[in-house]
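Trainee: Only the shape, not the letters, is given here:
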């Protein structure tokens, strides 16, 4: 995967407007009804990440799940990060 240029990142971010960029990472916090629902979401995230062979950093705080994506092998953000972020957003909508 090739690292995106700043201009490409700006365009890609329009597809995931709730994700915030900090350096070479995009991050979003999802809020759920309770811990059980948050964990169900994390389980879904794990399945999607395994299929894509691209794994986010995950921070769980009771009903909040923060996901962070970056393509470490490429040294920054790639198309893969934004594709997976879109899939995570869609999955969250089911909870």
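Mentor: Yes, it's here. The shown structure was predicted, so the numbers you read here are calculated from the model rather than taken from an experiment.
Trainee: Can you tell me whether I have it right that residue 8 is in a helix?
Mentor: Yes. Counting by DSSP: H, G, I helix; E, B strand; the rest coil, residue 8 is part of a helix.
Trainee: separation between it and residue 85?
Mentor: In this structure, residue 8 and residue 85 are 14 Å apart, going by CB to CB, to the nearest Å. Just so you know, the C-beta spots here come from the backbone N, C-alpha and C atoms, and that holds for glycine as well.
Trainee: Got phi/psi on the closest residue to residue 25 other than its chain neighbours?
Mentor: Once flanking residues are discounted, residue 25 sits nearest to residue 70: 4.5 Å by CB to CB, 6 or more residues apart in numbering. Phi and psi for residue 70, reported as degrees, to the nearest 10, are phi -160, psi 150.
Trainee: Does residue 70 touch residue 77 like I think?
Mentor: Yes. Counting by CB atoms under 8 Å, residue 70 touches residue 77, with 6.2 Å between them.
Trainee: okay, the two: which has more neighbours?
Mentor: Counted by other CB atoms under 10 Å, residue 70 and residue 77 do not tie: residue 77 has more neighbours, with 26 against 23.
Trainee: tell me, what's touching residue 70 and residue 77 both at once?
Mentor: Common contact partners of residue 70 and residue 77 (CB atoms under 8 Å, 6 or more residues apart in numbering): 24-26.
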